[in-house]
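> sequence? don't have it. structure:
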């Protein structure tokens, strides 16, 4: 769970983690399943509402996952992490460099996905495993908080939804579906409905 939520939860961190998991993990998995049921075609998925409402909803969601919320948040987070080591770099210059590098790496998504899967994913999993082990070894008594269970439940659910995993999996489900088709063969990839 996010550190801020863990601090807020204090001795109720396990409860907060379970609530966070509902909207940060289970909901995106359901979104991925829904995307696979439409063979990764998010237009077909949203057009069930009608062509105009579906197109509007797609535009709104794309704005949220793109320039409206997620990209600025990612750029700002990366800048905040690197700024102590690069104080000479302004946010504007960093944003241009970060966006340019992202565009170059994702211009051909199939090649980037291969690199992501074979190189970056094991490194990321190793770091997450290291953080978990260090957290368990260096754990102290949780901070006592007086937050009510209902307030903690609401905050945890909102924090989990704020990861925007559901929107991501619906829209990036097409890329995941294509990877399944490429690695399993087109016919075997369609067996997901069984």
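Structure received. Note that the structure is predicted; figures quoted are calculated from it, not measured. Residues are numbered from 1 along each chain as shown.
> what about the helices in the chain?
For the chain, the helices defined by DSSP state H occupy 3-9, 13-21, 27-37, 42-47, 51-63, 70-82, 91-106, 109-115, 121-137, 149-161, 165-184, 186-189.
> Could you say which one of these comes nearest to residue 143?
Nearest to residue 143, of all the helices of the chain, is helix 3-9, at 6.6 Å by CB to CB. The way it works is simple: take the backbone N, C-alpha and C, and place the C-beta from them, glycine included.
> lowest-confidence stretch among the helices of the chain?
Mean pLDDT is lowest for helix 186-189 among the helices of the chain, at a mean of 57.
> wait, doesn't residue 2 sit right on residue 156?
No. When contacts are counted by CB atoms under 8 Å, residue 2 is not listed as touching residue 156 (9.7 Å).
> if you count what's nearby, which of those two comes out ahead?
Taking neighbours as other CB atoms under 10 Å, residue 2 and residue 156 compare with residue 156 leading, 27 against 15.
> Can you give me every residue that contacts the closest residue to that one other than its chain neighbours?
Spatial nearest neighbour of residue 156, excluding adjacent residues (CB to CB, 6 or more residues apart in numbering): residue 19 at 3.5 Å. Listed by CB atoms under 8 Å, 6 or more residues apart in numbering, the contact set of residue 19 reads 152-153, 156-157, 160.
> Can you get me the centre-to-centre distance for stretch 29-40 and its chain?
16 Å (CA atoms, centre = their mean, to the nearest Å).
> List the contacts of that stretch.
Contacts to stretch 29-40, defined as CB under 8 Å, 6+ apart, come from residues 42, 44-45, 165-170, 173-178, 190, 192-193.
> Let's see that with 6 Å instead.
44-45, 166, 169-170, 173-174, 177, 192 (CB atoms under 6 Å, 6 or more residues apart in numbering).
> what's the spacing between the spatially most central residue of the chain and residue 22?
The chain has residue 165 as the residue nearest its centroid, 4.3 Å off, counting by CA atoms, centre = their mean. Between residue 165 and residue 22 the distance is 11 Å, computed by CB to CB, to the nearest Å.
> cool, residue 136 as well?
24 Å.
> same check, this time on residue 29
11 Å.
> can you tell me which residues contact residue 23?
157, 160-161.
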